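S.K.: any chance you could fold what I've pasted below:
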Amino acid sequence: MTSTNRSTATTLQGSDLLTAGKADVVRIRERTRRRRLWRLALAFGTIDGYLWYRYATDNPLQLPSLGPDWVIWLPIFVLIVAIVLMMMLPLFSGRSPHILVQPEEIEVGLDEVRGLDTQVDEIARSLDVFLGYATFRNELGGNPRRGILFEGPPGTGKTYLARAMAKQAGVPFLFISAPAFQSMWFGMTGSRIRSFFKRLRKLARKEGGAIGFIEEIDAIGADRGSLGAVPYPTGLGRTTSRMLGPGGSGMVNELLIQLQSFDQPQFLQRVKTRVVEWVNGFLPPGRRVFGTKPRYNNILLIAATNRADNLDPALVRPGRFDRRLYFDAPTKQARRDLIDFFLVRKAHHSQLDDDAVRERLAHDTFRYTPVMIEHLFDESLLVALRAGRREMNVEDVYEAKLTEEIGIKQAVTYTEGDRTAVATHEAGHATVAYFWGKGRRLEVLSIIKRRDSLGLLAHGDEEEKFTRSRSEIESHVAIALGGMAAEELFLGESGTGPAADLAAATQLAAQMVGALGMAGSLISFEAIAEGLIGSKNLVGKVLADPDGKQRVEDILSTQKERVLALLDERRDVVVALRDALIERDELVRDEILQVIEGALAARGRA
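M.R.: Alright, predicted model coming up:
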């Protein structure tokens, strides 16, 4: 167990504030339950007493008589009711469309969350203050957090952690998607927002606290000062309008008001305040009666988004969303914890119980989110079922991984010339990757068509890395150019195959020139401000500059010359890989190394 896990466990299990806060929540919920029972008993008692009174006075209840002409009046009555309902339809639209989840309905608590140790540790401390708000306010003089913003890529566990948080706190959880606030009726969007927060306050009073969760808050909380046009995300040169008119601005304004008004007084308290104000109108200043402050509502609002930079600045200031918690793809240790967690629940072969196999899986799923890891195992089970087995093995997992990342295999029959060209191309990539791929591991070499790729070389880092040196980037450029160089050496000319490789190599070279200072200039093209509708395109900026374009060309030309020299020297390795691909279509991990090492051994014997 890591130190982070120990810290989280200590926070969850050993906190006096958390223990006392939970006791307060239980006490308030029990008080609310008893009040409900008393009200129910009073209601039934009143009805029962009335019925006994009618029975004792020999005046029993009778069904009302509609009279002989009720059939004539029925259509008119139905029409009036229909008209009234249609007129009231906008009012019904103002109700909050949230989903209420009680803590008993949530299966996973914070102590069962995997892969989010840092976030769980921070949330546990926030729960300390949330549940122990009375001590924090009255004895320490602090203001509890009222809002937490979860930001990060999709599938990183934001909604999952919010539900686990409600389970741990033992309070109701109100879930709503931000687009659900929007209504076709004018003014009803703001009414839905008010209704949501009103429901939160009511639950907090009855249950000792309540947690609200707004998914995709950027749908209603976008910056009110946004410009009218933004780049289309596909980068195809299109633009999309994002004019934020009075309706959108009104949503943000209403949200800001509600976030600042958690402690609105109840109806009876408002009546009492009005009476006090009326009485004070007749009293001198020194003898006026002081009203009561609004009751503190123990509410914690959580919002999630993967576009936090687009939110209005007023939303993320202290007092509204006090804490911004970032969710990133899990680390290797976190992925290992997730793999262990998911495999307990999924049928698998005993080979997946091997610690070394699980460590390799944790390494190979770099940048995978928790949702992606679980989905990978689900797809692996489907692969096993198609093969007639009821449990997945390692080969199933890697087959599913390759399918998810690159695409499914397509049954395409190559001509003899195409088959040779594709095999030569991929053999060139693999040869350069083997000799110059610093810290790279060859995983799959294939000439099977997947999506728009006729063949592929999949290679990854031996160790999980977050930075790259200049020599490593240059080796990536060289690997990308290996296919083109192999075609020119062995086929006399290159074809259409290297198109994607040249795009990747150009992008890497442009980054070296325009962003990383690795090509003789320290000027960063990233510092150039974006236009109103211009997309962020570092390659375009670099290639638009004559000096930058020349530096990119120099990098690509230099690496291509090096690759040509290498492949000319290692022709036997390229030929061995090419022939193996033509014979077997696909080589996986150790099979690639066996072919290369066999070619090198034959050279040594010669």
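S.K.: all contacts plus neighbour counts: C-alpha atoms, from now on.
M.R.: Noted.
S.K.: tabulate the CA atom coordinates of stretch 340-355 in PDB.
M.R.: The C-alpha trace of stretch 340-355 is given here as PDB (Å, rounded to 0.1, in the frame of the first residue of the first chain):
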ATOM      1  CA  ASP A 340      -6.600  -5.700  -9.700                       C
ATOM      2  CA  PHE A 341     -10.000  -4.200  -8.900                       C
ATOM      3  CA  PHE A 342     -11.700  -5.100 -12.200                       C
ATOM      4  CA  LEU A 343     -10.200  -8.500 -12.600                       C
ATOM      5  CA  VAL A 344     -11.800  -9.600  -9.300                       C
ATOM      6  CA  ARG A 345     -15.200  -9.100 -10.900                       C
ATOM      7  CA  LYS A 346     -14.500 -10.500 -14.400                       C
ATOM      8  CA  ALA A 347     -13.900 -14.100 -15.500                       C
ATOM      9  CA  HIS A 348     -10.300 -14.500 -16.500                       C
ATOM     10  CA  HIS A 349      -7.700 -17.200 -17.100                       C
ATOM     11  CA  SER A 350      -5.200 -18.000 -14.300                       C
ATOM     12  CA  GLN A 351      -2.400 -16.400 -16.400                       C
ATOM     13  CA  LEU A 352      -3.900 -13.000 -15.700                       C
ATOM     14  CA  ASP A 353      -3.300 -13.700 -12.000                       C
ATOM     15  CA  ASP A 354       0.500 -13.600 -12.500                       C
ATOM     16  CA  ASP A 355       2.000 -10.400 -11.000                       C
END
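S.K.: got the buried residues for that stretch?
M.R.: By neighbour count on 16 or more other Cα atoms under 10 Å, the buried set for stretch 340-355 is 340-342, 348, 352.
S.K.: filter those residues down to the ones in strands?
M.R.: With DSSP state E as the criterion, strands contain none of those.
S.K.: could I get these as CSV with pLDDT and distance to residue 579?
M.R.: What follows is the buried residues of stretch 340-355, written out as CSV (pLDDT from 0 to 100; distance: Cα to Cα, whole Å):
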residue, pLDDT, distance to residue 579
340, 93, 40
341, 90, 43
342, 92, 40
348, 92, 35
352, 93, 33
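S.K.: from those, which is closest to residue 289?
M.R.: residue 341 (61.1 Å; Cα to Cα).
S.K.: surely the closest one touches residue 114?
M.R.: Yes: Residue 341 lies in contact with residue 114 (Cα atoms under 8 Å); the separation is 7.3 Å.
S.K.: check contacts around residue 576.
M.R.: Residue 576 sits next to 595-596, 599 when contact means Cα atoms under 8 Å, 6 or more residues apart in numbering.
S.K.: which of these ranks first by neighbour count?
M.R.: In terms of neighbours by other Cα atoms under 10 Å, those top out with residue 596 at 21 neighbours.
S.K.: skipping adjacent residues, who's closest to it in space?
M.R.: In space, not counting the residues next to it along the chain, residue 596 is nearest to residue 573; the distance is 5.8 Å by Cα to Cα, 6 or more residues apart in numbering.
S.K.: likewise residue 165?
M.R.: The spatially closest residue to residue 165, leaving aside those adjacent along the chain, is residue 110, at 6.1 Å (Cα to Cα, 6+ apart).
S.K.: for residue 109, same thing?
M.R.: Leaving out its chain neighbours, the residue that sits closest to residue 109 by Cα to Cα, 6+ apart is residue 164, at 4.3 Å.
S.K.: and the helix or strand containing the one you found, what other elements does it pack with?
M.R.: Per DSSP states H and E, residue 164 falls inside helix 158-169. Contact partners of helix 158-169 among helices and strands, from 3 or more Cα pairs under 8 Å, 6 or more residues apart in numbering; DSSP states H and E: helix 117-131, strand 210-215, strand 299-305.
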